[in-house]
Structure formats: structure tokens, C-alpha cells
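Predicted model, plus sequence, below.
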Amino acid sequence: MRHFSRLFSVMAGPRPVVCSGPSGVGKSTLLKKLMKEYEGVFGFSISHTTRKPRPGEQNGIDYHYVTRDVMQAGIDNGDFIESAEFSGNLYGTSKAAVQEVQSKNLICLLDIDMQGVKNIKKTDLNPMFISIQPPSMEILEKRLRGRKTESEESLQKRLQTAKIEMEFSKEPGAFDVIIINDNLDDAYAKLKDALKEEIDKVKKVSS
Ligand code: ADP
Ligand code: 5GP
């Protein structure tokens with residue numbers, strides 16, 4: 001991990017951004033909005049996962065969908081910066097996914113869980129850590145149900161994990177910025193504000 005993490009600092013482009021928070025809080029919604037408004041500024045680190053694609057998700061865009069055997073072989077081979085088991089599936093950030101974005105001098109956006117946050121902190125990636133939090137557990141549940149993507153079992157697992165993730169976000173120093181996603185426009189404005197400096201830097205270089 002050390003050897004490859006040094007590679008990231010050598011490549012040092014704009015500072016990556018890690019976005020984390022309970023499943024269903026609105027991370028994808030916020031990140032998609034950001035990438036749409038700032039085309040050519042951000043690049044998404046496309047994770048690998050063993051979970052099945054949801055309707056509308058595309059292989060190689062939302063995730064690289066792989067079998068557990070393939071993913072485990074990649075992990076054993078040292079292809080991943082971090083990986084974690086979440087709600088019965090494996091998820092992980094490959095070194096190639098981050099390098100692909102950084103080679104284009106874009107701000108690399110990572111959408112990862114709490115375990116990923118902890119593991120990325122052990123590397124030299126040095127991202128900004130942003131936590132997206134729901135106004136309440138009730139609202140989180142409503143959003144997860146409203147998305148209609150989870151079985152009851154998966155939903156319950158995600159809500160259980162959410163409690164732990166919400167507690168973790170309160171630990172001092174866990175995140176640089178915490179944004180409560182109540183009203184979407186307000187949360188988005190806060191996210192843009194947190195990233196303003198980095199966005200301006202990238203815009204200046206590319207103009
Ligand atoms: P995550 O990526 O964190 O799992 P999503 O972006 O898929 O979450 O959002 C979960 C659901 O909540 C989606 O149906 C989305 O449209 C909805 N949603 C996101 N943000 C808000 C918000 N501020 N208010 C109401 N619904 C929201
Ligand atoms: P979902 O199945 O809803 O797309 O994602 C479930 C959880 O996995 C979310 O908390 C998301 O942030 C996290 N996740 C997605 N990709 C990765 C990854 O590469 N590594 C880690 N650790 N978590 C990930």
C-alpha cells in the first residue's frame with residue numbers, strides 16, 4: 001500500500017475529495033449534480049462492487065460490476081487502495097480508478113463507506129473528507145424506501161449500518177466538513193462552497 005500510495009503524491013494533481021455517509025442520504029445525487037455542473041473539473045473514481053447493478057446503473061460508469069472471485073483476486077493482487085464488505089457485498093477503490101482521474105488532472109471524487117474512509121486515511125492520498133448526513137433516521141429510511149432499490153433485508157442492513165456511520169461522523173477529526181442533506185439545494189450549495197477553492201484552482205489551470 002505504501003509503495004503505491006507514494007505514487008499518488010508524486011502524481012499530485014488537485015486534491016481528491018472523499019464523500020461518505022449513510023446509504024440513501026443523497027451522496028450520488030449530490031455528486032452527479034456536481035459533475036454535471038462542473039464538467040471537466042471533477043472525475044468520479046469508479047469503484048468495483050460485487051452487488052448487482054440497479055435499474056439505470058451502467059457497468060464502467062457507476063461501478064465495475066464483478067464477481068466475488070474476480071474482486072478477491074484483484075484485492076489479493078494488490079490492485080486496490082482500499083476495499084470493504086458493506087451490506088453483504090464487496091466494494092473497493094482500485095488504484096487504476098484513481099490514477100485514471102488524476103492523470104487527467106481532475107478532482108477525483110470518491111464515494112466510499114466508513115471503512116473506506118478509515119483505510120484511505122492510512123494512505124498518502126490526502127483527500128478532503130466530506131460527510132453527508134441525513135436530518136434524521138426517519139428521513140433516511142423514507143429516502144431509502146422511496147428509491148425502491150433495496151429488498152427489505154438489504155434496507156434493514158443499510159439502516160443498521162447507518163447508525164454506526166452517523167456516530168462515526170461525530171468523532172472529532174473524522175471529517176473535514178459535515179453537510180446535513182435536508183433541503184437538496186441548500187446541501188448542494190454547501191458542498192460547492194466547501195469545494196470552491198479546489199474548483200477555482202482547476203478552472204485556472206485549464207483556462
Ligand atoms: P446515496 O447515494 O447516498 O445512497 P441517493 O443519492 O441514491 O443516496 O439518494 C437516495 C434517495 O433520496 C434518492 O431517491 C434521491 O432522489 C433522494 N434524495 C436525495 N437527496 C434528497 C433530499 N435532499 N431530499 C429528498 N430526497 C432526496
Ligand atoms: P451502494 O450499494 O448504495 O451503491 O453503496 C453502498 C455503500 O458502499 C455506500 O456507503 C458507498 O459509499 C459505499 N461504497 C461504494 N464504493 C465503495 C468503495 O470503493 N469502497 C468502499 N469502502 N465503499 C464504497
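Now that the structure is in, tell me what you want to look at. Ligands and ions are numbered 1, 2, ... in the order given.

Show me where the chain has its helices.
2-11, 27-37, 68-76, 95-102, 114-120, 137-147, 152-169, 184-206 (DSSP state H).

tell me which parts of the chain are close to ligand 2?
Within the chain, the positions near ligand 2 by C-beta under 6 Å from any ligand atom are 23, 47, 51, 82, 84, 86, 91-93, 111-113, 115-116. Glycine gets a C-beta too; all of them are placed from N, C-alpha and C.

one more time with 5 Å
Taking C-beta under 5 Å from any ligand atom as the measure of proximity, the chain contacts ligand 2 at 23, 47, 84, 86, 91-93, 111-113, 116.

In the protein, which residue sits closest to ligand 2?
residue 116 (2.6 Å; C-beta to the nearest ligand atom).

From what I see, that residue and residue 20 are in contact.
Yes - with contact defined as C-beta atoms under 8 Å, residue 116 reaches residue 20; the gap is 7.1 Å.

Looking at those two, which one has more neighbours?
residue 20 (26 against 22; other C-beta atoms under 10 Å).

how about that one, what does it touch?
If you count contacts by C-beta atoms under 8 Å, 6 or more residues apart in numbering, residue 20 has them with 27, 111-114, 116-117, 129-132, 165, 169, 175.

of the residues you listed, closest to ligand 1?
residue 27 (3.4 Å).

In this structure that closest one contacts residue 18, no?
No - contact between residue 27 and residue 18 fails when scored by C-beta under 8 Å: they sit 10.5 Å apart.
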